[in-house]
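>>> All I have is the shape, not the residue letters:
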């Protein structure tokens with residue numbers, strides 16, 4: 001309750017109730033004492049309006065806290081000495097002191113000062129008798145204990161609320177940071193995916209175009225017009241394939257979108273590399289009992305394209321064999337074996353080649369196996385799990 005308007009209502013209503021009580025039934029004997037009691041209430045209200053109100057909800061209070069505390073203590077002491085009923089102002093003075101003080105230490109100090117002023121007022125009003133001293137001490141002790149206990153309890157609740165607000169703000173900031181990191185990671189993964197796609201499609205096709213163009217130019221210079229015409233026709237077809245691949249990248253579709261059947265896409269891809277010359281490529285399509293998900297088709301076609309590109313550009317192989325099989329549950333196996341130069345599998349390699357295939361296969365839940373030795377050729381296998389296995393892993 002740190003909004004000043006609520007305290008305005010509370011202080012106004014409470015002070016008015018005490019003044020009415022003095023005028024109708026609880027006032028002292030003698031007009032002079034009554035006027036002093038009423039004046040003390042007015043002083044208390046003015047102290048709140050002119051000094052204390054501006055400090056509510058706006059810590060630190062600074063000079064306003066000691067000034068308001070002094071005014072409240074003076075009003076309580078003088079008013080209680082004139083009329084004991086004015087001690088009811090404690091019900092307003094204690095909570096205001098805790099709210100304006102804004103710390104436990106200030107709240108406890110203010111409670112003792114207010115209790116002391118009430119004790120002094122009762123003692124003075126009672127003529128410094130033993131009964132007045134006992135009555136004042138009892139009233140002050142009870143009120144200060146109650147006010148301190150209540151103030152500490154309310155302060156702990158307020159601190160708990162502030163701590164929760166702080167933790168909520170930190171959590172909100174952390175969530176915003178995680179969201180930003182997730183967006184950044186998503187963007188990074190998308191860039192990597194796009195880089196792999198470009199490398200596995202357009203880059204490979206353009207490399208094939210370069211090889212075919214070089215062959216066509218050589219054949220034309222050597223007077224082999226028929227062979228050159230055949231090569232140019234192949235260049236035209238490969239260029240059309242490149243255009244289809246570019247459109248596929250834009251639409252995020254498969255590597256060979258114009259060929260709906262997976263077997264046909266594999267045959268077309270192998271035929272393209274056969275047309276480039278170099279190694280003799282044998283294709284063995286085994287039992288295709290089940291159907292492949294589109295994502296699995298993309299993974300296998302990308303890996304096949306990258307493997308055949310490596311055979312053509314790096315292996316120096318005379319023969320290569322491509323084997324593809326799909327089980328009833330959708331599990332797939334792709335194997336590309338060549339008799340080329342081979343390499344050390346443990347040697348770090350740059351580029352998107354094998355590592356790009358490994359990442360792509362891992363994202364599909366499969367595994368990539370590479371067996372190779374210098375001079376002994378290379379065997380590459382891609383193993384993708386079936387839909388049933390993926391569902392069990394998800395569960």
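That came through fine. From a predicted model like this one, the values you see are computed outputs, not experimental measurements.

>>> measure residue 72 to residue 63 for me?
15 Å (Cβ to Cβ, to the nearest Å). C-beta: built from backbone N, CA, C; applies to glycine.

>>> Looking only at neighbour counts, state which of the two leads.
A count of neighbours by other Cβ atoms under 10 Å puts residue 72 above the other of residue 72 and residue 63, at 28 against 9.

>>> these two touch, right, that one and residue 114?
Yes. If you go by Cβ atoms under 8 Å, residue 72 and residue 114 touch, sitting 6.5 Å apart.

>>> Mind listing the shared neighbours of those two?
Common contacts of residue 72 and residue 114 (Cβ atoms under 8 Å, 6 or more residues apart in numbering): 93, 97.

>>> Helices of the chain, start to end?
4-21, 31-47, 64-82, 90-101, 104-125, 130-198, 204-221, 225-251, 262-275, 294-310, 353-363, 387-394 (DSSP state H).

>>> Same list, those helices, but as JSON lines with mean pLDDT and distance to residue 340 please.
Listed next are the helices of the chain as JSON lines, based on pLDDT from 0 to 100; distance: least, Cβ to Cβ, whole Å:
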{"stretch": "helix 4-21", "mean pLDDT": "88", "distance to residue 340": "86"}
{"stretch": "helix 31-47", "mean pLDDT": "90", "distance to residue 340": "97"}
{"stretch": "helix 64-82", "mean pLDDT": "88", "distance to residue 340": "88"}
{"stretch": "helix 90-101", "mean pLDDT": "84", "distance to residue 340": "85"}
{"stretch": "helix 104-125", "mean pLDDT": "86", "distance to residue 340": "82"}
{"stretch": "helix 130-198", "mean pLDDT": "75", "distance to residue 340": "23"}
{"stretch": "helix 204-221", "mean pLDDT": "77", "distance to residue 340": "16"}
{"stretch": "helix 225-251", "mean pLDDT": "73", "distance to residue 340": "23"}
{"stretch": "helix 262-275", "mean pLDDT": "81", "distance to residue 340": "14"}
{"stretch": "helix 294-310", "mean pLDDT": "84", "distance to residue 340": "9"}
{"stretch": "helix 353-363", "mean pLDDT": "83", "distance to residue 340": "14"}
{"stretch": "helix 387-394", "mean pLDDT": "50", "distance to residue 340": "33"}
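
>>> Turn those into a markdown table, columns for distance to residue 56.
Compiled in a markdown table, the helices of the chain are given as follows (distance: least, Cβ to Cβ, whole Å):
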| stretch | distance to residue 56 |
| --- | --- |
| helix 4-21 | 5 |
| helix 31-47 | 13 |
| helix 64-82 | 10 |
| helix 90-101 | 6 |
| helix 104-125 | 14 |
| helix 130-198 | 13 |
| helix 204-221 | 74 |
| helix 225-251 | 63 |
| helix 262-275 | 75 |
| helix 294-310 | 63 |
| helix 353-363 | 60 |
| helix 387-394 | 57 |
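
>>> Distance of residue 341 relative to residue 107?
From residue 341 to residue 107 the distance is 85 Å (Cβ to Cβ).

>>> more crowded one of the two?
residue 107 (23 against 16).
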